[in-house]
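Undergrad: with the input below, show me the fold.
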Amino acid sequence: MAWKIKSLSALAIAAFALSACAAQSGLDGVASSQSAGMKLDKATQTATSAVMVDLSARAHAGWISADAGRHKKLVYVSDQYDNAVEIYKANVSNPPPIGQITSGVNTPDGLAVDTSGNLYVSNAGGTTVTVYHPGQTTPFDTYSPGQNPVNVVLGKDGRLYVAQGLLGCICITEYPPKSHTPDLTIQLSQTHGSPMDLALDASNDLYVTLTNGTVYEFAPGQTSGTNLGLAGLSNPRGIGFDKKGDLVVANDTLNFVQGYIQIYDAGKTQYEKQFIAGAQPFQLAFGRGRRYMYVADVSYGTSGDVAIFKAGNGWAQTGAISQGLHQPLGVALSPKAL
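TA: Numbering: from 1, shown residues only. The predicted model follows:
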């Protein structure tokens with residue numbers, strides 16, 4: 001197509017809520033109210049005690065519930081305030097976190113998930129992109145593009161693209177599939193902006209949002225891009241494509257009151273649709289079939305969330321994830337999540 005770690009008390013509360021729900025779901029078929037009460041107490045005490053015994057040690061290495069390890073529909077959210085990636089069940093109304101990644105994390109920003117469900121975390125406060133197997137909190141792989149990697153995207157062929165933002169090279173570094181040696185660097189000095197987010201279209205063209213209010217397109221293998229001249233953008237952040245192939249851009253107006261999602265039909269420079277998406281929308285992610293869109297709203301207070309919108313006649317907000325979040329920047333979904 002042309003064109004800081006969460007407090008122990010908060011973790012304990014989440015663990016208690018999860019254990020209580022698990023105990024409640026196990027009450028079916030219990031013979032008497034007395035035995036039901038005994039089982040509830042035992043289940044709650046056992047689960048809570050198990051969490052509390054090891055909670056201090058896990059607070060620095062990350063934690064994950066057994067449910068997160070086997071659950072196939074997950075939402076990952078990077079939280080700048082907590083210096084962590086929080087893990088949630090997808091397709092659940094405002095769920096509590098069921099896991100947290102802190103190992104290998106340094107001011108996490110943009111996230112991506114590959115077709116195998118592996119999570120890629122761009123560590124904007126450092127020099128790496130760390131990679132995690134589903135259900136794991138310790139990275140099994142690390143890329144080292146250089147200073148200030150702010151976002152990452154993966155091609156269907158496994159090619160990795162890393163945006164380096166306000167510090168360092170101000171560029172996009174590309175890695176061939178299964179390689180840790182980059183074979184292409186796109187210097188962005190000619191754009192007079194710094195990259196924020198990345199997206200690939202069906203033709204594998206690369207799209208980049210920039211801090212100067214522009215969006216550039218780069219053909220595969222090319223280092224010279226085209227300014228799409230999109231109107232109505234002040235601070236474009238997240239970017240992606242909806243089911244129709246239209247370009248979707250999160251526009252942070254920097255008024256700290258409301259930002260927008262703006263949708264541009266292919267080849268058009270004026271947006272066709274616009275709707276409010278929190279105070280400061282950043283990265284966005286689409287679920288399976290692109291029926292749902294998740295938008296991280298950083299807020300830059302301590303009250304950010306992830307807004308969830310459903311496609312249809314417009315994008316209506318159907319829910320949000322807020323539990324355990326403070327300043328969410330990035331969001332990504334496992335392959336089976338809606």
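
Undergrad: show me the shaky parts of the stretch 1-150 of the chain.
TA: Across the stretch 1-150 of the chain, the ranges flagged by pLDDT under 70 are 1-61.

Undergrad: helices of that one, start to end?
TA: Shown for the stretch 1-150 of the chain, the helices assigned by DSSP state H, counting those that start in this stretch span residues 8-25, 33-61, 66-70.

Undergrad: number of nearby residues for residue 269?
TA: Close neighbours of residue 269, defined as other Cβ atoms under 10 Å, add up to 12. C-beta here means a position set from N, CA and C on the backbone, and glycine is covered the same way.

Undergrad: oh, that last question was meant for residue 107, not what I typed.
TA: 15.

Undergrad: list the contacts of residue 109.
TA: By Cβ atoms under 8 Å, 6 or more residues apart in numbering, the contact set of residue 109 is 78, 80, 122, 123, 124, 149, 150, 151, 329, 330.

Undergrad: residue 107 is in contact with residue 125, correct?
TA: Yes. Judged on Cβ atoms under 8 Å, residue 125 makes contact with residue 107 at a distance of 2.9 Å.

Undergrad: what is in contact with those two at once?
TA: residue 83.

Undergrad: on that earlier part again, and which of the contacts of residue 109 is nearest to residue 297?
TA: Of all the contacts of residue 109, residue 297 sits closest to residue 329, with 9.7 Å by Cβ to Cβ.

Undergrad: mind listing what that closest one touches?
TA: Counted by Cβ under 8 Å, 6+ apart, residue 329 has contacts 78, 79, 80, 108, 109, 110, 282, 283, 296, 298.

Undergrad: change it to 6 Å
TA: Residues near residue 329 by Cβ atoms under 6 Å, 6 or more residues apart in numbering: 78, 80, 109, 282, 296, 298.

Undergrad: and it, how far from residue 158?
TA: Separation of residue 329 from residue 158 (Cβ to Cβ, to the nearest Å): 25 Å.

Undergrad: what residues are up against the nearest residue to residue 150 once chain neighbours are set aside?
TA: Leaving aside its chain neighbours, residue 150 sits nearest to residue 165 (3.8 Å; criterion: Cβ to Cβ, 6 or more residues apart in numbering). Going by Cβ under 6 Å, 6+ apart, residue 165 touches 148, 150, 194, 195.
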